[in-house]
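Asker: Provided below are the primary sequence and the corresponding predicted coordinates.
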There are 2 protein chains.
Amino acid sequence: MTLTVSINNDRRLQLAPLQIPTRLLLGPGPSNAHPAVLQAMNTPPVGHLDPAFLALMDEIQTLLRYVWQTENSHTIAVSGTGTAAMEATIANSVEPGDVVLVGVMGYFGNRLVDMAGRYGADVRSISKPWGEVFSLDELRTAMATHRPAILALVHAETSTGARQPLEGVGDLCREFNCLLLVDTVTSLGGVPIFLDEWGVDLAYSCSQKGLGCPPGASPFTMSPRAAEKLQQRRHKVANWYLDMTLLSKYWGSDRIYHHTAPINLYYALREALRLIAEEGLENCWQRHQKNAEYLWQGLEDLELTLHVPREFRLPTLTTVRIPEGVDGKAISRQLLSEYNIEIGGGLGELAGKVWRVGLMGFNSRPESVDRLLEVLRQVLPK
Amino acid sequence: MTLTVSINNDRRLQLAPLQIPTRLLLGPGPSNAHPAVLQAMNTPPVGHLDPAFLALMDEIQTLLRYVWQTENSHTIAVSGTGTAAMEATIANSVEPGDVVLVGVMGYFGNRLVDMAGRYGADVRSISKPWGEVFSLDELRTAMATHRPAILALVHAETSTGARQPLEGVGDLCREFNCLLLVDTVTSLGGVPIFLDEWGVDLAYSCSQKGLGCPPGASPFTMSPRAAEKLQQRRHKVANWYLDMTLLSKYWGSDRIYHHTAPINLYYALREALRLIAEEGLENCWQRHQKNAEYLWQGLEDLELTLHVPREFRLPTLTTVRIPEGVDGKAISRQLLSEYNIEIGGGLGELAGKVWRVGLMGFNSRPESVDRLLEVLRQVLPK
């Protein structure tokens, strides 16, 4: 090999091996992965068409159906983080000109608006102050006004900690011949979900919250009604990487190469789902609820105010109002740098007004709550 | 927590912890990750806005510039596999109606054609039999005919093992006021690349080949000329997840949240790049060349024919013609099931005609070659 150009070594950093502090991740995600999940992830990769890997993909599909409580055959993990799975639901369901109605009650509703617009949707939105949720009557009125092809709602709004009830919404969507698309990023694994019972047609999530896995492989599901709309498209899906007509040939029985999956993340996801199946979904939901209630009590004992009314509060993510006169950012910084605890700040309407405390997956444990409360007692002004 | 719906346990698989065979991955990728890379990946995740993680992102950017030999400020890793990075180059550079000229000399050229079409490009293509490459004269003629806004070429065609020379192509593109987009998926880290010297405007790669990392975080770079075209777009980028106007605010000094990065894969990528910087880029390229030549000699000693002329042969990936009367698929299956060695089969024009043998990253070692040749001697008909 003879090089006619000489190598520029200006950017040849000489680094030491990785040194990363160990944090207790009590923000909006990622949460700490279960140690058994990290161990599974560490298994040397095999090929993306290896029979051993294809068998593992089938296990992931089955277990995702279990945690989502769905029979949808189109249930896979997308090779990207939660936002990629969000985009997969939009890209595969929206055709240019479709009316998409988005219920905006926080940051991620706005993201759906932006995304649907990029796929050519005629986007309409209804909104609620951040921390509130829509009633079924409000949704019915909006459906009658806009007559959308797709209604998009956020089950668990990560920016506010509010849980949007979904009972009855699927029936409403069928009445208006509309698909129901739902964000379950901060609910899957930690909050009761019954996708089929609720008539949800498209849903997405992530791996690094209720499932207790590192980020990077993200659940996606699509009902037979949504699959039918996809079949009848007039245009190709405007996103090659996330096109379910192609991805189905890899995840389904054809096993046609589409892309090289992030093999090790699938190892991790399989282990995370296996642990939930071992614990049992109901036990897992109960655990999240119990630890959240323990946290809420502790925060109230510290005379802190919780932002979302109890009825609509997510067990996975709690928004805590920053007390008058307290510098919320300084407290978060202190928690991270002095105590290795991450909590989140507010976004959008809630920027500077709340902290966001997550108890998700492996981190939904009394020890997490005890540690956080102990530290808050030390750092909050008396 | 009271559930009004009962949980369906039909899909509650009771699985044992992960058991995956250890394979020697000598196909078109993934290749085996370096053990130190797997170890780094196993570090517990921190948050995507943690100062420790932001510092690591900066290191990745600098080292990607080193391995690509570029000064492009827009040099990042996309949160998906190589195909996502490919799509990022298309999504950010193509506006509806742009003429995109694609040089097709294998499977991945065709993928670029499909992808560019989905982003509204007026796609033109020129083609070569699989295994051949374009001459500068052929490219000049095609440029004069089509006058494209973007010329897309595959530096290292993973489906054929051919290396497209790029010297002079950047000058040609400047002469025609056109951007040069290049696939370096199977070349980065293993084949000499001088992006700036060659005048490449957009390039993408993957982590699981020459870089010796698991798949899932994929290099992307964009020159100031490409960034200017992005700035001047009339429409939003039709892909939210891969929109560089948004991603730049996360990877740049603004540090605005965009999506949750696959944290652990970035740990792995940082370690993989660190190891290349330690070895030195020229040494790394020399190692790939030397081990490939050792393989080629060994295959020829077995009376096998290599598909690509020596001058254009990739050191990272070798296509070997399946001898007359030999069942190529049966041999591959036997290698995998009896010897835990993965090699690839042919795609498209080369389906059933070649095997694809990769020597990439950590696997570019004499031991890999020796083991493969030893096994081939046993399984090939005498």
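Answerer: That came in fine, so what should we check first? Numbers count the residues shown, from 1 in each chain, chains lettered A, B, ... in the order given.
Asker: and the longest helix along chain A, C-alpha only, in CSV?
Answerer: The residue-count maximum for a helix in chain A (DSSP state H) belongs to helix A:281-301. Below are the C-alpha coordinates for helix A:281-301, written out as CSV (Å, rounded to 0.1, in the frame of the first residue of the first chain):
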residue,chain,number,x,y,z
LEU,A,281,-46.6,-7.9,33.9
GLU,A,282,-49.1,-7.2,36.7
ASN,A,283,-46.4,-7.5,39.4
CYS,A,284,-44.2,-5.1,37.4
TRP,A,285,-47.0,-2.5,37.1
GLN,A,286,-47.8,-2.9,40.8
ARG,A,287,-44.2,-2.4,41.7
HIS,A,288,-44.0,0.8,39.7
GLN,A,289,-47.2,2.1,41.3
LYS,A,290,-46.1,1.2,44.8
ASN,A,291,-42.7,2.8,44.5
ALA,A,292,-44.2,5.9,42.9
GLU,A,293,-46.7,6.2,45.8
TYR,A,294,-43.8,5.9,48.3
LEU,A,295,-42.0,8.7,46.4
TRP,A,296,-45.0,10.9,46.3
GLN,A,297,-45.5,10.6,50.1
GLY,A,298,-41.9,11.4,50.7
LEU,A,299,-41.9,14.4,48.5
GLU,A,300,-45.1,15.7,50.2
ASP,A,301,-43.4,15.1,53.5
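Asker: what comes up buried for it?
Answerer: For helix A:281-301, the neighbour count (16 or more other Cβ atoms under 10 Å in any protein chain shown) marks A:281, A:284-289, A:291-292, A:294-296, A:298-299 as buried. Where you see a C-beta, it was placed from the backbone N, CA and C, and this is true even at glycine.
Asker: with distance to chain B and pLDDT as new columns, can those residues be given to me in JSON lines?
Answerer: Shown next, in JSON lines, are the buried residues of helix A:281-301 (distance: Cβ to the nearest Cβ, whole Å; pLDDT from 0 to 100):
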{"residue": "A:Leu281", "distance to chain B": "6", "pLDDT": "97"}
{"residue": "A:Cys284", "distance to chain B": "11", "pLDDT": "98"}
{"residue": "A:Trp285", "distance to chain B": "6", "pLDDT": "98"}
{"residue": "A:Gln286", "distance to chain B": "6", "pLDDT": "98"}
{"residue": "A:Arg287", "distance to chain B": "10", "pLDDT": "98"}
{"residue": "A:His288", "distance to chain B": "9", "pLDDT": "98"}
{"residue": "A:Gln289", "distance to chain B": "4", "pLDDT": "98"}
{"residue": "A:Asn291", "distance to chain B": "12", "pLDDT": "98"}
{"residue": "A:Ala292", "distance to chain B": "10", "pLDDT": "98"}
{"residue": "A:Tyr294", "distance to chain B": "14", "pLDDT": "98"}
{"residue": "A:Leu295", "distance to chain B": "15", "pLDDT": "98"}
{"residue": "A:Trp296", "distance to chain B": "14", "pLDDT": "98"}
{"residue": "A:Gly298", "distance to chain B": "19", "pLDDT": "98"}
{"residue": "A:Leu299", "distance to chain B": "19", "pLDDT": "98"}
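Asker: cool, thanks, talk later.
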